[in-house]
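**Q** Any chance you could fold what I've pasted below:
(one chain, ligands or ions: 1)
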Amino acid sequence: MSLSIHDHDRRKSGLTYVYAVLGRRAGGVSVGVNLNTNSACNWRCVYCEIPDLKFGNAPDCDLQLLERELRGMLIDILRGDWMQKNVPEERWRVLKDVSISGNGEPTSCPQFPEVVALIGRVLREFDEARDTQIVLITNGSLIHKPEVQRGLRTLHELAGVVWFKLDSATEEGTARLNNARAGLARTRTNVELAARACTTWLQTMVLAWKGEPPSDAESDAYVRFVRELVSAGVPLKGVHMYGPARESYQPEAAHISEVPRAWLDAFAARVEAAGLPVRLSP
Ligand code: SF4
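**A** From the prediction side, this is the model:
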């Protein structure tokens, strides 16, 4: 069976921690490391694609098992016929990244820094993975924790990248979209901490809620937030902006749809004018 860009079902790998996806944002095959084997997250985004999502943190990680699974998956992909069997088109047959991303917030794993180091160590065993990047996909809410900072320093040494979720720059928007209430000041601090530790992109889901695109107040607040970060010299790389291409498993799923393309283009242009390049994956 071939992978498609809509196929992100982590249960299909049959492994505990490691899975492979064909990522539209990565532009090729991505090996994912899911540390939230309990499907627990400290947020509950309305568009979250995780069935049976629970509130909580990632459990302790069995580092030996993770190492075995990751090495085995990389051998299959880079030295076996996994690509031919699973990836439909030649142009997608490249291992773009190993992403730390799963069924919940990965930085809540108690062994997060050790996991980053482990991935770097295993990747170094493969000459074929010279250009494979490590990507941390995070909601950013725990970046201020010393252990997470330690993991980010290691990620930086490995030339890795952070994708920091920012769907709204208002308290109301964050509460409605992410069910998160730590406050914008915390988000602002954590964005800066991430960007100063490691190459960091914002990742922003743009969706219509009950058929309406984000209000003027919402989009203005987002643009202001970006402009302030840029003028404060926070070294962000840009914004990955994307829409709800995959099915939400949350009760609000019926309220979510894509914004019109023209709206998205106009919003992206405003964010670019505020000083950050935008990569659109609607
Ligand atoms: S932060 Fe990610 S894993 Fe957590 S609820 Fe949101 S989309 Fe799901």
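**Q** Tell me what the spatially most central residue of the chain is bridged to.
**A** In the chain, the centroid-proximal residue (Cα atoms, centre = their mean) is residue 137; its distance is 2.8 Å. Under DSSP bridges, the beta-bridge partners of residue 137 are residue 163.
**Q** could you measure it against residue 232, distance?
**A** Distance from residue 137 to residue 232, counting by Cβ to Cβ, to the nearest Å: 24 Å. The C-beta positions use only the backbone N, C-alpha and C, and glycine is treated the same way.
**Q** what's the answer for residue 77, then?
**A** When residue 77 is compared with residue 232 (using Cβ to Cβ), they lie 41 Å apart.
**Q** repeat for residue 79
**A** Distance from residue 79 to residue 232, by Cβ to Cβ: 46 Å.
**Q** if I look at the residue nearest to residue 59 when sequence neighbours are not counted, how far off is residue 206?
**A** Distances taken as Cβ to Cβ, 6 or more residues apart in numbering put residue 38 closest to residue 59, at 5.4 Å, once the chain neighbours are dropped. As judged by Cβ to Cβ, residue 38 and residue 206 stand 29 Å apart.
**Q** Mind checking which of those two has more residues around it?
**A** For residue 38 versus residue 206, neighbours defined as other Cβ atoms under 10 Å are more numerous around residue 206 (23 against 14).
**Q** Tell me, how many residues neighbour the closest residue in space to residue 275 that isn't next to it in sequence?
**A** Excluding its sequence neighbours, the residue lying closest to residue 275 (Cβ to Cβ, 6+ apart) is residue 230, at 3.4 Å. By the criterion of other Cβ under 10 Å, residue 230 has 14 neighbours.
**Q** Can you give the contact residues for whichever helix or strand residue 230 is part of?
**A** For residue 230, the host element (DSSP states H and E) is helix 216-231. Helix 216-231 is contacted by residues 166, 168-170, 173, 184, 188, 191-192, 202, 204, 214, 236, 239, 267, 270-271, 274-276 when judged by Cβ atoms under 8 Å, 6 or more residues apart in numbering.
**Q** are any of those residues buried, and which?
**A** 166, 168-170, 173, 188, 191-192, 202, 204, 214, 236, 239, 267, 270-271, 274, 276 (16 or more other Cβ atoms under 10 Å).
**Q** My guess is residue 277 contacts residue 238. True?
**A** Yes. Judged on Cβ atoms under 8 Å, residue 277 makes contact with residue 238 at a distance of 3.9 Å.
**Q** Who has more neighbours out of those two?
**A** Taking other Cβ under 10 Å, residue 277 and residue 238 do not tie; residue 238 has more neighbours (16 against 12).
**Q** Do stretch 89-109 and the ligand come into contact?
**A** Yes. Applying Cβ under 6 Å from any ligand atom, one finds stretch 89-109 touching the ligand at 104-105.
**Q** can you pull the buried residues of that stretch?
**A** Buried, per 16+ other Cβ under 10 Å, within stretch 89-109: 92-93, 95-109.
**Q** So which of those are in strands?
**A** 95-100 (DSSP state E).
**Q** Helix, strand, or coil at residue 121?
**A** helix (DSSP: H, G, I helix; E, B strand; the rest coil).
**Q** Just the strands from the protein, written as ranges.
**A** 18-23, 28-33, 40-41, 54-55, 95-100, 133-138, 161-165, 199-205, 208-209, 238-242, 256-257, 278-281.
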